[in-house]
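[1] Sequence and predicted model, in that order:
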Amino acid sequence: MSLTRRGFLQNGSLAAISLAVPQTLSQVPAAKSAPKFRTQLNASSLTPFVDALPIPEIAHPVDHRPSPADPAQKLPYYRVAMRPFETKIHRDMKPTRLWGYGGASPGPTFETRSGQGLLVEWVNELPDAHFLPIDHSIHGAEATKPDVRTVVHLHGAKAPPDSDGYPDNWYTSGKSAIYHYPNRQDAAMLWYHDHALGINRLNVFAGLLGAFFVRDEFEDSLGLPSGKYEIPLVIYDRIFDLEGQLNYPISADPKKPWVPEVFGDAILVNGKLFPYLEVEPRQYRFRVLNGANGRFFHLSLENGQAFHQIGTDQGLLPAPLELTRASLAPAERTDLIVDFSGMEGKNVVLKNDISAILQFRVSKIAAETRNASARALALPQTLRPVPKIPESSAIKTRTLSLVEVDDLVQRPMTMLLNNAHWSMPVTENPVLDSTEIWELLNTTDDAHPIHLHLVRFQILDRRNFDVSAYWIKGELKYTGPAQPPDPSEAGWKDTVRADPGMVTRIIARFEGFPGRYVWHCHILEHEDNEMMRPYDVIAAP
């Protein structure tokens with residue numbers, strides 16, 4: 001696949017300034033003021049590996065309350081407030097103003113079991129004015145709406161529609177919403193983040209994201225590394241100014257500051273820049289999330305060592321997959337086993353492309369202890385079966401286009417799904433418990449990570465097609481053979497990379513609940529500017 005303009009930026013380390021210019025140093029801007037320019041901090045000028053990797057705290061319930069599905073059943077009840085705070089991203093930076101769940105970013109990690117539901121009251125304790133630049137020309141972010149609005153989406157959850165975080169169901173400071181997560185799904189790493197229409201990209205950039213784990217007995221039986229040997233790695237990029245503050249880029253038009261993508265030179269892991277982690281010479285399980293607004297990550301170990309992928313978005317793969325590089329589009333997750341055996345006293349660096357982002361410091365330990373650990377942690381050769389959904393079971397195939405609308409000098413102005421805007425009538429209405437194939441025709445120059453709420457799905461294939469013939473004649477003309485999904489995509493997914501000039505086919509069974517959900521591109525700047533559509537799961541007649 002050829003490298004496009006945005007593909008280059010997604011891979012590069014110093015990309016933001018070629019698409020947009022940073023803001024000025026200022027206090028919290030007035031709601032209707034135009035953002036100004038300010039100088040960007042060069043993250044590479046900072047000394048790496050001087051801060052320990054933080055591990056987000058585990059969320060704990062504060063009470064038990066009746067289940068909405070069965071009032072006789074009491075569910076754990078959590079109360080998590082969204083509020084501003086300050087923290088040092090790096091030892092040599094000034095404290096950075098952020099927004100976070102529970103006053104942290106990433107927020108507290110949820111730990112729950114499959115089939116064990118819980119309730120979360122998401123409380124908005126944020127200020128009334130936003131500190132990042134709102135584009136009031138975007139649908140859903142009009143100047144008539146409050147600057148600061150939030151709604152929480154648990155990404156990957158099979159949740160009822162009134163607990164899914166529908167983008168229009170936002171609420172303002174001083175208000176809250178109680179969501180019910182039944183957790184009737186296999187073990188997987190999910191994640192929660194803001195989903196407010198028109199400003200989602202800003203709220204997530206400000207820090208509103210966190211991890212959520214579902215566990216089950218099957219996964220427990222495999223004897224995978226656990227406890228202190230299982231570590232979440234929430235990875236995302238940011239831009240900072242010389243005062244250590246978030247520096248979200250803007251366009252040259254003060255009335256329309258939206259930019260099509262944001263790629264920062266500062267790559268954070270669990271909220272720290274260039275952290276280190278002390279590990280023992282044994283196997284570790286790393287649960288990795290790409291929480292970036294738009295950057296695609298390509299992770300490898302600097303020493304060229306191989307590792308094993310054992311899972312993806314919605315849980316375990318059928319078998320371990322040996323890799324030397326793991327690629328993640330925004331919102332995708334991967335489950336990795338890294339073995340530090342035999343590396344006593346050495347430092348091992350995790351890279352994104354050519355940029356170091358995390359250092360592992362392997363401790364020295366007695367050989368007999370190391371050998372005992374290795375024997376106890378043999379990696380299973382088979383993991384969880386992933387039975388293929390037969391294409392013959394699909395009752396409908398939908399052909400859906402991915403579209404970019406440019407101005408006269410080919411600057412992106414808006415992004416569309418199926419050439420439709422958010423507010424247009426719903427056109428996708430699968431029947432509950434039915435199976436459908438969705439063909440995603442990417443007519444743009446860039447890869448789009450497409451996320452469907454509620455469901456998990458499988459990738460069938462990708463195939464090149466003639467984009468010009470599609471637009472001029474309305475015909476779908478393939479120009480190459482179907483390509484199977486990458487082995488790393490062989491499990492259950494909820495986010496799929498739709499490559500440019502290709503038809504990406506997925507198959508899904510629409511299980512769970514009837515009601516209104518959404519599907520969208522998970523490049524947050526695209527999602528905020530019309531690349532999101534509602535869809536209705538309707539009850540069978």
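    Done, it's in.

[2] residue contacts, His421?
    In this structure, His421 makes contact with His139, Glu530, judged by Cβ atoms under 8 Å, 6 or more residues apart in numbering. Using the backbone N, CA and C atoms, a C-beta is placed for each residue, glycine as well.

[3] which regions of the stretch 251-400 of the chain sit below the pLDDT cut-off?
    Residues of the stretch 251-400 of the chain meeting the criterion pLDDT under 70: 366-377.

[4] let's see 90
    Along the stretch 251-400 of the chain, the model assigns pLDDT under 90 to residues 254, 365-378.

[5] In it, what residue spans correspond to strands?
    Applying DSSP state E, counting those that start in this stretch to the stretch 251-400 of the chain gives strands spanning 266-269, 272-273, 275-279, 283-290, 297-301, 307-312, 315-323, 326-328, 333-339, 347-352, 355-362, 396-406.

[6] in its sheet, what does the fourth one sit against?
    Which is strand 283-290. Here strand 283-290 has these sheet partners by DSSP bridges: strand 230-238 (parallel), strand 333-339 (antiparallel).

[7] Turn these into CSV, including distance to Ser163 and mean neighbour count.
    What follows is the strands paired with strand 283-290, written out as CSV (distance: least, Cβ to Cβ, whole Å; neighbours: other Cβ atoms under 10 Å):
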stretch, distance to Ser163, mean neighbour count
strand 230-238, 23, 22
strand 333-339, 21, 23
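
[8] can you list the ones you listed in a markdown table and add distance to Ser393?
    A markdown table is the format used below for the strands paired with strand 283-290 (distance: least, Cβ to Cβ, whole Å):
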| stretch | distance to Ser393 |
| --- | --- |
| strand 230-238 | 35 |
| strand 333-339 | 26 |
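
[9] Nearest to Asn183 among the ones you listed would be which one?
    Among the strands paired with strand 283-290, the nearest to Asn183 by Cβ to Cβ is strand 333-339 (16.6 Å).

[10] Now do the closest one and strand 315-323, the angle between them.
    50 degrees (axes from the mean of the first three to the mean of the last three Cα atoms, to 10 degrees).

[11] Longest strand in the protein, by number of residues?
    Counting residues, the longest strand found in the chain (DSSP state E) is strand 74-87.

[12] Give me the number of neighbouring residues for the nearest residue to Asp339 once chain neighbours are set aside.
    Excluding its sequence neighbours, the residue lying closest to Asp339 (Cβ to Cβ, 6 or more residues apart in numbering) is Gln283, at 4.8 Å. By other Cβ atoms under 10 Å, the residues close to Gln283 number 22.

[13] Repeat that for Asn303.
    Asn303: 10 neighbours (other Cβ under 10 Å).

[14] what does Lys388 give?
    Lys388: 9 neighbours (other Cβ under 10 Å).

[15] got a list of what it touches?
    Gln458.

[16] how far away is it from Ile459?
    Going from Lys388 to Ile459 by Cβ to Cβ, to the nearest Å gives 11 Å.

[17] how close does Val279 sit to Gly345?
    12 Å.

[18] May I ask which helix or strand of this protein has the lowest mean pLDDT?
    Sorting the helices and strands of the chain by mean pLDDT, DSSP states H and E puts helix 16-19 at the bottom, at a mean of 36.

[19] The helix or strand just after that helix pairs with which strands, and in what direction?
    Next along the chain after helix 16-19, taking DSSP states H and E as the criterion, comes strand 51-52. When pairing is defined by DSSP bridges, strand 51-52 lines up against strand 275-279 (parallel).

[20] quick check: mean pLDDT across stretch 143-163?
    The average pLDDT for stretch 143-163 rounds to 98.

[21] shared neighbours, Val279 and Gly345?
    Val362, Ser363.

[22] More neighbours: these two, which one.
    Val279 (19 against 10).

[23] list the contacts for the more buried one?
    Val279 neighbours (Cβ under 8 Å, 6+ apart): Phe340, Phe360, Arg361, Val362, Ser363.

[24] contact partners of the longest strand of the chain?
    Contacts for strand 74-87 (Cβ under 8 Å, 6+ apart): 59-67, 95-105, 107-108, 110, 112, 117-127, 150, 180, 208, 271.

[25] Repeat the analysis, applying 7 Å as the threshold.
    For strand 74-87, the external contacting residues (Cβ atoms under 7 Å, 6 or more residues apart in numbering) are 59, 61-67, 95-103, 107-108, 117-127, 150, 208, 271.

[26] Buried among the residues you listed? Need that as a selection in PyMOL.
    If you want just the buried ones from these in PyMOL, going by 16 or more other Cβ atoms under 10 Å, the selection is:
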select buried, resi 59+61+65+67+96+97+98+99+100+101+102+103+107+108+117+118+119+120+121+122+123+124+126+150+208+271
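
[27] In a markdown table: the strands of the stretch 251-400 of the chain, plus distance to Ser221.
    Formatted as a markdown table, the strands of the stretch 251-400 of the chain follow (distance: least, Cβ to Cβ, whole Å):
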| stretch | distance to Ser221 |
| --- | --- |
| strand 266-269 | 30 |
| strand 272-273 | 34 |
| strand 275-279 | 25 |
| strand 283-290 | 15 |
| strand 297-301 | 28 |
| strand 307-312 | 14 |
| strand 315-323 | 11 |
| strand 326-328 | 25 |
| strand 333-339 | 16 |
| strand 347-352 | 29 |
| strand 355-362 | 28 |
| strand 396-406 | 37 |
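
[28] out of these, which comes closest to Ser251?
    It is, among the strands of the stretch 251-400 of the chain and with distance given as Cβ to Cβ, strand 396-406, at 13.6 Å.

[29] Would you mark the buried spots in that closest one?
    Quick answer for strand 396-406 (16+ other Cβ under 10 Å): Arg398, Leu400, Ser401, Leu402, Val403, Glu404.
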